[in-house]
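1. quick one, what's the 3D model for this:
(one chain, ligands or ions: 2)
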Amino acid sequence: NKRIKIKYLLESASAGEKSTIMGWVRSRRSNKHVTFIALNDGSCIQNYQVVADPEKISEDILKKANTGACIKVSGSIVSSQGSGQQTEIQADQIEILGEADPEKFPIQPKKHSLEFLRENAHLRVRTNTFGAIFRIRHHLAFAVHRYFHEKGFFYMHTPIITASDAEGAGETFQVTTLDLKNPPRDEHNNINFGEDFFERATNLTVSGQLEGELAALALSEIYTFGPTFRAENSNTTRHLAEFWMIEPEMAFYDAEDNQDLAEDFLQYIIQFALENCKDDLAFLDNRAAEEEKEKKAELRSEMGLLQRLEFVTQNEFVRISYTEAFEILKNSKPNKKKKFSFPIVDWGTDLQSEHERYLVEKHFKKPVIISDYPKAIKSFYMKQNEDGKTVAAMDILFPGIGEIVGGSQREERLDKLTERMDELGISQEELWWYLDTRRFGTTPHAGFGLGFERLVQFVTGMGNIRDVIPFPRTPGNAEF
Ligand code: 4AD
Ligand code: MG
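-> Ligands and ions are numbered 1, 2, ... in the order given. Take a look at the predicted model:
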C-alpha cells in the first residue's frame with residue numbers, strides 16, 4: 001500500500017490499520033525475541049517505532065537496518081506497550097532501500113558537536129537538531145509570504161547579478177566571464193570589462209532595495225525575499241557571505257509607519273512559528289536549556305528559548321534615537337570583568353555589537369528600535385533630517401542577536417539625494433535609473449531589510465549563524 005508520512009501517522013493512526021512507512025534508521029536495538037527500530041522520515045521530529053519479529057523478518061535484513069540506512073516498512077499499526085509512543089508498527093515486511101555501513105556513516109546515535117556536524121554539513125540534516133532547524137526555517141519563510149500577502153504586498157523578484165552596489169560599502173563579489181589570469185586591457189592598462197559578457201563590470205547583489213524602490217513607486221507596497229551577498233571578511237557568529245534578506249518597500253510610509261510595520265511583522269512571524277512548530281521548538285528549547293547549564297552563571301540568560309519568543313511577541317519594542325542610546329551608553333558603568341566592557345563612544349561613531357547588546361540585554365531587556373543615526377555612518381539613500389546631522393534610519397536590535405533589521409525612510413527629494421551622492425562620490429550617471437524615481441512621481445517612501453538567518457537564529461536559539469542555513473558560505477568555505 002501507499003506510503004504515509006510519520007507526521008500524519010502519529011496524528012491519525014489507529015490500531016488495526018495496515019500502513020507503509022519509509023525513512024532513515026536512527027537507532028536499532030534487539031533482544032532474543034524482538035528488534036526495535038526508531039525510524040525518522042523528516043516529516044517531524046518524532047521517530048516511529050518499528051517492531052520486527054525475527055520469525056517474520058530475516059536476520060539478514062535486520063542486520064542491514066543500521067543507523068543511517070533507508071528502509072521501507074509495511075505492517076500493522078498496534079497500540080504500543082512502551083512509554084514513548086501511543087502506536088507502533090508491527091512489521092510484516094522490511095525492505096532495505098539503501099544501506100549505510102556502520103563503520104563509515106558519520107552520524108551515529110550519540111551527541112555530536114556542532115563543529116563536527118558543520119564539517120559534515122551534507123549529512124547533518126539527518127540529526128534531530130538540524131531537522132528541527134530546517135523545518136522551522138521553512139515555516140518562517142512561509143510566514144513571511146503569508147504576512148505580506150494578507151496585507152496586499154506584492155513579492156518582487158530583484159536581480160542577483162547587477163552593476164550597482166546598493167549599500168555603497170564596496171563589499172561586492174565580482175561576476176565575470178573574463179579570464180582574470182590574462183584579461184583584456186584598455187589603453188590605460190585597466191581590465192577592459194567592455195569585453196565581458198555584460199559588456200561592463202558586474203557583481204552579486206548586496207541588497208534588492210534599489211530595485212524594490214522602483215517597484216514600490218508603482219505598486220505601492222512590495223517586498224523582496226532572496227539571496228544577497230557580502231564579501232566582508234568578518235568571521236563572526238552573525239555574518240555570512242551569502243544570506244537571505246527580506247526587504248519590504250512602501251510608498252507613502254514615513255519613518256514611524258516603517259517601524260510599526262517592522263514590529264508587527266516580526267511579532268507575526270515569531271507567533272506563527274510558536275503556533276506551527278511546537279514540537280521542534282520544544283526540542284530546541286530543551287537543547288538551549290542544556291547549553292545554558294554549561295555556561296558560567298554571569299553569562300546565562302534569564303529566559304529560556306520559548307519564554308524569549310513569547311516575550312517578544314507580547315511586548316512592545318522600545319523606541320529610542322541614536323542620541324538617546326548614546327547618552328545611556330555614556331552614563332553606563334560597564335563591568336570589565338563581566339560580559340560588557342566597552343569603551344565609551346563618541347557621538348557620531350557607529351555602535352559596536354557590545355553596545356547594542358548592553359542596550360538590549362542589560363539596560364532595556366527588550367527588543368530596541370534605534371532611529372535617527374548620524375548621517376556619516378549610514379547609506380546615501382536615507383532621508384536627511386532637519387537637524388542636518390542625522391538621517392531617518394532605524395535598526396532593530398534583538399536579545400542575543402544584535403542588529404536583526406536595518407531600514408530607513410528614503411530621501412525622496414532629488415536635490416538632497418544627488419547632493420549626498422556627490423559628497424560620497426557615488427556616481428549619478430551609474431544610478432540614473434534610480435534617480436528617475438525622484439524625477440518622475442516621487443513621494444515619501446520607506447523600507448527595511450530583515451536578515452533571514454538572524455531571525456532563524458533568534459527563533460531556534462542557535463548561537464552560530466552557520467547552523468541555521470543549510471550550506472553556509474563564509475570565508476574559506478564553499479565546498480558543498
Ligand atoms: O543593514 P543592512 O546592510 O541593510 C540593507 O541592506 C538595506 N538595503 C535594507 C533595506 O533598507 N531594504 O542589512 C539588513 C539586514 C541586517 O540588519 C542584518 O540582519 C542582515 O541584513 N545582514 C546580514 N546577515 C547575515 N550576514 C551578513 N553578512 C549580513 N549583513 C546584513
Ligand atoms: Mg545595517
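2. point out the residues in the stretch 201-350 of the chain that sit beside ligand 1.
-> Contact residues, the stretch 201-350 of the chain versus ligand 1 (CB under 6 Å from any ligand atom): S207, Q209, R230, E232, H239, L240, F243, M245, E247. In this view, the C-beta of every residue, glycine as well, is placed from N, C-alpha and C.
3. lowest average confidence, helix or strand, in this protein?
-> helix 353-357 (a mean of 89; mean pLDDT, DSSP states H and E).
4. next, the buried residues of that helix.
-> Buried positions in helix 353-357, judged by neighbour count with 16 or more other CB atoms under 10 Å: E354, H355, E356, R357.
5. hmm, E403 and the last one touching each other?
-> No. With contact defined as CB atoms under 8 Å, R357 does not reach E403; the gap is 10.4 Å.
6. in the residues of the stretch 201-350 of the chain next to ligand 1, which has the lowest confidence score?
-> On pLDDT alone, E232 ranks lowest of these, at 89.
7. where along the stretch 201-350 of the chain do the strands fall?
-> Secondary structure of the stretch 201-350 of the chain by DSSP state E, counting those that start in this stretch: the strands cover 202-204, 221-229, 242-251, 318-321.
8. neighbouring strands - and their directions - for the shortest one?
-> Next to strand 202-204 in the sheet, as set by DSSP bridges, lie strand 161-162 (antiparallel), strand 174-175 (antiparallel).
9. likewise the last one?
-> Strand pairing for strand 318-321, determined by DSSP bridges: strand 368-374 (parallel).
10. now the element after the strand it pairs with, going C-ward?
-> Downstream of strand 368-374, the first helix or strand assigned by DSSP states H and E is strand 390-398.
11. could I get that following strand in CSV with only the CA atoms?
-> What follows is strand 390-398 as a C-alpha-only set of coordinates in CSV (Å, rounded to 0.1, in the frame of the first residue of the first chain):
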residue,chain,number,x,y,z
THR,A,390,21.1,62.7,11.3
VAL,A,391,19.1,60.6,8.9
ALA,A,392,15.8,58.8,9.3
ALA,A,393,17.4,55.4,9.7
MET,A,394,16.3,52.6,12.0
ASP,A,395,18.0,49.5,13.3
ILE,A,396,16.1,46.8,15.3
LEU,A,397,18.2,45.1,17.9
PHE,A,398,17.2,41.7,19.4
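12. what mean pLDDT does it get?
-> Across strand 390-398, pLDDT averages out at 98.
13. what lies in contact with that strand?
-> For strand 390-398, contacts defined as CB atoms under 8 Å, 6 or more residues apart in numbering pick out 254-255, 258-259, 262-263, 266, 312, 317, 321-323, 356, 359-360, 367-375, 378, 382-385, 403-409, 446, 448, 454, 458.
14. that strand near ligand 1 at all?
-> No. Residues of strand 390-398 contacting ligand 1 under CB under 6 Å from any ligand atom: none, with a closest distance of 6.6 Å.
15. residues from the stretch 351-480 of the chain in reach of ligand 1?
-> Counting by CB under 6 Å from any ligand atom, the residues of the stretch 351-480 of the chain near ligand 1 are E403, I404, V405, G406, G407, S408, G447, F448, G449, G451, E453, R454.
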